[in-house]
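K.L.:
below: sequence and its predicted model.
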Amino acid sequence: MSKPETIFGIHAVQQVLESDPMRILEIWVLEGRHDKRLQTVLEALTPLGLTINQVQRKTLDKLSQQGQHQGIVVRCKAQPVLNENDLQKIVERLDKPAFFLILDEVQDPHNLGACFRTADATGVDAIIVPKNKACGLSPTVHKVACGAATTIPFIQVTNLARTLQWLQKQNIWVIGTSDHAQKWIYDVDFTANIAMVMGAEGTGLRRLTEEHCDELVKLPMLGSVESLNVSVATGVCLYEVVKQRLNQ
């Protein structure tokens, strides 16, 4: 059984309350804090019948590992670990063009959290990552994601290359971002079934991942820097998909 998860920050806790409040096991709040935002969350927590522990800031700092907890930390049952079988079910249920985000060994929880937030905003169906050498769900991911880590399915696969091949067999076009690409992202049609593949911090896509993409694209870099942060690049790419689909 997976260990309980620690979630902190007002937005992250609110999202758990909205999506699956019965996951919440324990609650800690900053003693003496009575602002409206926190009180709204506490009112929503009250029906759960759990003790709301009033504690000092140093206790919350320790529970959140020095994260920006905004005066509230909760411990929850772990989210189910989704895998290839769950991905198959998601694909089978789709009633619109597929839109997946694949992160190839992204390891920074701040980047993963930011990618979750953008994925939620742009209507991504799921985020897919390899099980090994990649960031998983963590308190920091939940905090940065502002609740999106509980709304977007997070799928960990054993073999990313094999998953890309399976997606292609489902008529999903796999588009990778790479400095080696010949096409700009604006030159590709994203209105059909799409899986967008983003590379890791610093290293980009692995060679094998690149080889399993149907198409490689790149972003224009007109200044002196060579590349964008992966979460920023993800935002640019996902919103290009949204723009094209809205303009159909």
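P.N.:
Yep, that arrived.

K.L.:
the bottom helix or strand of this protein by mean pLDDT?
P.N.:
Every helix and strand in the chain was compared by mean pLDDT, DSSP states H and E; the lowest is helix 139-145, with a mean of 84.

K.L.:
ok, how many other residues are close to the closest residue to residue 44 other than its chain neighbours?
P.N.:
Spatial nearest neighbour of residue 44, excluding adjacent residues (C-beta to C-beta, 6 or more residues apart in numbering): residue 17 at 5.1 Å. Using the backbone N, CA and C atoms, a C-beta is placed for each residue, glycine as well. When neighbours are counted by other C-beta atoms under 10 Å, residue 17 registers 19.

K.L.:
for residue 17, which residues are in contact?
P.N.:
When contacts are counted by C-beta atoms under 8 Å, 6 or more residues apart in numbering, residue 17 touches 24, 41, 44-45.

K.L.:
try residue 42
P.N.:
Applying C-beta under 8 Å, 6+ apart, one finds that residue 42 lies in contact with 29, 52.

K.L.:
same deal with residue 175?
P.N.:
Listed by C-beta under 8 Å, 6+ apart, the contact partners of residue 175 are 188, 190, 194-197, 213-217.

K.L.:
show me just the buried residues among the residues you listed.
P.N.:
188, 190, 194-197, 213, 216-217 (16 or more other C-beta atoms under 10 Å).

K.L.:
now these as JSON lines including pLDDT and secondary structure?
P.N.:
Putting the buried ones among the contacts of residue 175 into JSON lines (pLDDT from 0 to 100; DSSP: H, G, I helix; E, B strand; the rest coil) gives the following:
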{"residue": "188", "pLDDT": "93", "secondary structure": "coil"}
{"residue": "190", "pLDDT": "96", "secondary structure": "coil"}
{"residue": "194", "pLDDT": "97", "secondary structure": "strand"}
{"residue": "195", "pLDDT": "97", "secondary structure": "strand"}
{"residue": "196", "pLDDT": "97", "secondary structure": "strand"}
{"residue": "197", "pLDDT": "97", "secondary structure": "strand"}
{"residue": "213", "pLDDT": "95", "secondary structure": "coil"}
{"residue": "216", "pLDDT": "95", "secondary structure": "strand"}
{"residue": "217", "pLDDT": "95", "secondary structure": "strand"}
